[in-house]
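A.B. asks: model the following, please.
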Amino acid sequence: MSGVVPTVPEQPAEAMENQIKSPTAAPAAPPDYNSHFVPGSAGPAVPPSAGLQVGYYVPQQPGIIPLYQPTGGTHAIQYQPGKYPMTQHAPVMWMPGPAPIPSCPPGLEYLAQLDNIHVLQHFEPLEWMTGYETNNRYDIKNNADQMVYIVTEDTDDFTRNAYRNLRPFVLRVTDCLGREIMTMQRPFRCTCCCFCCPCARQELEVQCPPGVTIGFVAEHWDLCRATYSVRNQKRENVMRVRGPCTTYGCGSDSVFEVNSLDGGSDIGSIIRKWNGFLSTMGNADHFEIHFPMDLDVKMKAMIFGSCFLIDFMYFESTPPQHSSR
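C.D. replies: Have a look, this model is predicted:
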């Protein structure tokens, strides 16, 4: 019949459903992916390409994720104020490590490049308020305010609080890597007997590296001023330290001169800077040590050690004892 229009034969409903689910059928709209995410098949991690920014980490092995360490070229990480409570600390600037020097004890290369250093004692509020003696701590800096060493006292609680400024102590000097490069030891000396008796005189032993003695600082009896002799490892006198005659640390700097044995030439000085009564009461002393640039580095270390024996003997004031009345 010419008037009949041919039609497409009807397909079963199951065949039509399979055609809709065919993988070749394209979706009506692209998926809404995030702008930073690119879909792809899972596979082994690849090395970072040149297009990645410096500071980002692409894991090379599963399960190994190192801590983020900013490198050159990256911007400082900034946090929204108040969202991440963090304590801000001033950065500690260390003196650049010098190259090793032949016949120089490890760690003393810093002193070979310096002709003066600053010894800054930490202020301990708890010690001042309660009278409980704590271990002393010192920062050693150069003129550029760069850290050179850290000195920490290592004395047990009973000894510190029983003997106070007369206590025997061990001071450990560490560098920027935390290595102990020098040890200073003060043995206990009874002061009950006559001051002119040798057994009552104070002494400090300096070891560098720890366990190897390089010299001693010995007190000499004097009627009106502090006098010390700097000795080598054989206990032979090589230098002399003489303090002022007036009361130490009362309104002005206290200068301890380092002279030759005959007293004819000045080698250096140890100056206790006057920083006010609050610094004095809080045992926050500041010493400035001067020595020639070309002086033997071991002798520099001995002058450095003399500063701590002077500090404990004359400027380590006893904290106030609060009465129970």
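A.B. asks: can you tell me how far Asn275 sits from Asn161?
C.D. replies: Per C-beta to C-beta, to the nearest Å, Asn275 is found 26 Å from Asn161. Bear in mind the C-beta positions are built from the backbone N, C-alpha and C, glycine included.
A.B. asks: tally up the residues packed near the residue lying closest to Val258 once chain neighbours are set aside, please.
C.D. replies: Of all residues not flanking Val258 in the chain, Gly268 sits nearest, at 4.1 Å (C-beta to C-beta, 6 or more residues apart in numbering). Residues near Gly268, counting by other C-beta atoms under 10 Å, number 21.
A.B. asks: start at 106, not 1
C.D. replies: With 106 as the first residue, the last one maps to Gly373.
A.B. asks: in contact with Gly373, which residues?
C.D. replies: Gly373 makes contacts with Val363, Ile394, His395, Phe396, Pro397, Leu400, Ile408, as judged by C-beta atoms under 8 Å, 6 or more residues apart in numbering.
A.B. asks: nearest to Cys281, out of those residues: which one, please.
C.D. replies: Nearest to Cys281 among the contacts of Gly373, counting by C-beta to C-beta, is Ile394 at 19.5 Å.
A.B. asks: these two touch, right, that closest one and Leu225?
C.D. replies: No. Assessed by C-beta atoms under 8 Å, Ile394 is found out of contact with Leu225, at 11.7 Å.
A.B. asks: quick one: which of those two has more around it?
C.D. replies: Ile394 (23 against 18).
A.B. asks: beta partners for that one?
C.D. replies: Taking DSSP bridges as the rule, Ile394 bridges to Ile222, Ile375.
A.B. asks: how much space separates it from Val335?
C.D. replies: Counting by C-beta to C-beta, the gap from Ile394 to Val335 is 13 Å.
A.B. asks: which residues do these two both contact?
C.D. replies: Taking C-beta under 8 Å, 6+ apart as the criterion, Ile394 and Val335 both touch Ile408.
A.B. asks: so for the residue nearest to Val363, what's the pLDDT?
C.D. replies: Model confidence at Gly373, given as pLDDT, is 95.
A.B. asks: one more: Val253?
C.D. replies: 97.
A.B. asks: pull the number of nearby residues for it.
C.D. replies: There are 19 residues near Val253, going by other C-beta under 10 Å.
A.B. asks: which ones are touching it?
C.D. replies: Per C-beta under 8 Å, 6+ apart, neighbours of Val253: Trp199, Met200, Tyr215, Leu219, Ile222, Ile245, Lys246, Asn247.
A.B. asks: just the ones in strands from those residues, please.
C.D. replies: Ile222, Ile245, Lys246 (DSSP state E).
A.B. asks: can you tell me the closest non-neighbouring residue to the second one?
C.D. replies: For Ile245, ignoring the flanking residues on the chain, the nearest one in space by C-beta to C-beta, 6+ apart is Tyr254 at 3.9 Å.
A.B. asks: name the element the closest residue to Arg306 other than its chain neighbours belongs to?
C.D. replies: Residue nearest to Arg306 in three dimensions, not counting chain neighbours: Glu324, with 4.4 Å by C-beta to C-beta, 6+ apart. Assessed by DSSP states H and E, Glu324 sits inside strand 318-325.
A.B. asks: other residues contacting the very next helix or strand once past that strand?
C.D. replies: Per DSSP H and E, strand 318-325 leads on to strand 332-337 as the next helix or strand towards the C-terminus. The contact list for strand 332-337 (C-beta under 8 Å, 6+ apart) reads 319-326, 342-348, 363, 403-404, 407-408, 411, 414-415.
A.B. asks: direction included, what does strand 332-337 pair against?
C.D. replies: As defined by DSSP bridges, the strand partners of strand 332-337 come to strand 318-325 (antiparallel), strand 342-347 (antiparallel).
A.B. asks: got a markdown table for those, with distance to Arg294 and mean pLDDT too?
C.D. replies: What follows is the strands paired with strand 332-337, written out as a markdown table (distance: least, C-beta to C-beta, whole Å; pLDDT from 0 to 100):
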| stretch | distance to Arg294 | mean pLDDT |
| --- | --- | --- |
| strand 318-325 | 9 | 94 |
| strand 342-347 | 18 | 95 |
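A.B. asks: can I get those in a markdown table with mean neighbour count?
C.D. replies: Listed next are the strands paired with strand 332-337 as a markdown table, based on neighbours: other C-beta atoms under 10 Å:
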| stretch | mean neighbour count |
| --- | --- |
| strand 318-325 | 20 |
| strand 342-347 | 19 |
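A.B. asks: pipe those into TSV and attach distance to Phe420 per row.
C.D. replies: Putting those into TSV (distance: least, C-beta to C-beta, whole Å) gives the following:
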stretch	distance to Phe420
strand 318-325	15
strand 342-347	15
